[in-house]
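Asker: Starting from these lines, generate the structure:
(chains A and B)
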Amino acid sequence: MVAGMLMAIGFLSFTQEDPTRAEKESLRTPRPPQEPVTTKRSTMSHVNGVVPTTIIVAGLALAGYALLMTALNRRMGAGLLAALGVLEILLLVLVGIIVARLAEGPRPAGLATLIGYLIAMPLVPVIAGFWGALERSRWGPAVIAVAGLVAAVLMIRLHEIWPAIGV
Amino acid sequence: MASPEAAASRPDSTRTGPGRVLIAVYAIFALSASARAGVQIATKFSHAPVAYLLSAFAAVIYILATVTLAVGSPAARRIAVLSCSVEFVGVLAVGTWSVADPATFPDATVWSGYGSGYGFVPLVLPVLGLLWLRRWYRRPGTRHGLRSSSSAQLSAEPKPDLAQPVDPERGRVDRD
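Answerer: This is a model prediction of the structure:
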């Protein structure tokens, strides 16, 4: 049921995703790049904050759900894997948004670090899923909890690397 | 912990049970510390050489702990104990150093401020690691673990242990 909740959060973020893209298109096509950067940035950072915030909420919810499973002495189940899948999709969406943003031209100071994050971020739920599924005890879900917390922390780090990515 | 199922699924290597979580956290620190140290040393080493070298040292320790905990052989466990101990001493020493002499640390390391930049996880992690290794040592059937017969084993390849099945994974009873 928590997975269902997470799923709902996921879908919510996708529905809010569409205006992002629409606005981005409308901003990109009609204006040359020299147009007022400030307006562009303020609109974007506002919109961009939705996905990272959703990931923080989803990551923390996943961690709570997983720790509950550990406390109840449960093993890894389909529910946890589904919730992990939702987190993975959200992270991939965020990677897409950031790559699109980079393609537009602006560069953060720590570009190398950001690219490292873009590669490492989507791997977190995948590796945690395999590593947790190998464990046939209550500690499997605990591994998933770590992944959820890491995803939330990564969002804050991303914001520090590139403040244009809102939280 | 005390429930029957927990007792039934007792871990049989440092990489199972709670060790699985420990390795996950260690792996994250190994990756983040080494990536961070690599970028810092490559791009702006002169800015804070001491901090960056300590970051790199921390990264090596984290990698060592991750790998040895995951391998879990008697020799690997000894290296794991060593690296967790070095890590704990390192957090305390670098933490104190960074508080006493902030000028040496214009940029933070993993261990500065006792790991405050990482939610004090670097301070707690070696303690949990050592507790886990200690608990594992006390289990029956691992008596060779504590027998510090030869320090040469530290550097040697993990020797096949006659008292244990050749492949612990194969010999393990499926608890499902």
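Asker: How about the most centrally placed residue in chain B: what's its closest non-neighbour residue?
Answerer: In chain B, the residue lying closest to the centroid (Cα atoms, centre = their mean) is residue B:65, at 3.0 Å. Nearest residue to residue B:65, sequence neighbours excluded (Cβ to Cβ, 6 or more residues apart in numbering or on different chains): residue B:83, at 4.4 Å. For the C-beta atoms, the positions are set from N, CA and C on the backbone; glycine is no exception.
Asker: ok, which residues in chain A are in contact with chain B?
Answerer: Contact residues, chain A versus chain B (Cβ under 8 Å from any Cβ of the partner chain): A:73, A:110, A:112-113, A:116, A:120, A:128, A:131-132, A:134-140, A:142-143, A:146-147, A:150, A:153.
Asker: Mind checking which of the residues you listed land in helices?
Answerer: Of the positions in the residues of chain A next to chain B, A:112-113, A:116, A:120, A:128, A:131-132, A:139-140, A:142-143, A:146-147, A:150, A:153 sit in helices, assigned by DSSP state H.
Asker: In ChimeraX, select just the buried ones from those.
Answerer: Only the buried entries of those go into this ChimeraX selection, using 16 or more other Cβ atoms under 10 Å in any protein chain shown:
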select /A:113,116,120,128,131,132,139,140,142,143,146,147,150,153
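Asker: if we can go back for a sec, can you pull the buried residues of the strand or helix carrying the residue nearest to residue B:65?
Answerer: Residue B:83 belongs to helix B:74-100 when assigned by DSSP states H and E. Buried residues in helix B:74-100, counted by 16+ other Cβ under 10 Å: B:74-81, B:83-84, B:86-88, B:90-91, B:94-95, B:97-98.
Asker: same deal with stretch A:100-113?
Answerer: Residues A:101, A:102, A:108, A:113 are the ones in stretch A:100-113 that count as buried (16+ other Cβ under 10 Å).
Asker: Run through the strands of chain A in chain order.
Answerer: Taking DSSP state E as the test, none of chain A falls into strands.
Asker: Okay, now the unreliable bits of it?
Answerer: Regions of chain A meeting the criterion pLDDT under 70 cover residues A:1-48, A:167.
Asker: which residue is nearest the centroid of it?
Answerer: Central residue of chain A (Cα atoms, centre = their mean): residue A:91, at 3.5 Å.
Asker: Let me know whether that residue touches residue A:123 as I believe.
Answerer: No: contact between residue A:91 and residue A:123 fails when scored by Cβ atoms under 8 Å: they sit 9.2 Å apart.
Asker: In contact with residue A:149, which residues?
Answerer: Residue A:149 makes contacts with A:59, A:60, A:63, as judged by Cβ atoms under 8 Å, 6 or more residues apart in numbering or on different chains.
Asker: Could you report the separation of it from residue B:31?
Answerer: 15 Å (Cβ to Cβ, to the nearest Å).
Asker: now do residue B:134
Answerer: Distance from residue B:134 to residue B:31, by Cβ to Cβ: 26 Å.
Asker: Neighbour count for those two, which is higher?
Answerer: residue B:31 (18 against 12; other Cβ atoms under 10 Å in any protein chain shown).
Asker: Tell me which residues touch the more buried one, please.
Answerer: Residue B:31 neighbours (Cβ under 8 Å, 6+ apart): residue A:120.
Asker: which stretch of helix or strand covers it?
Answerer: Here residue B:31 is assigned to helix B:18-44, by DSSP H and E.
Asker: Quick one: work out the angle between that helix and helix B:74-100.
Answerer: Angle of helix B:18-44 versus helix B:74-100, following axes from the mean of the first three to the mean of the last three Cα atoms, to 10 degrees, is 50 degrees.
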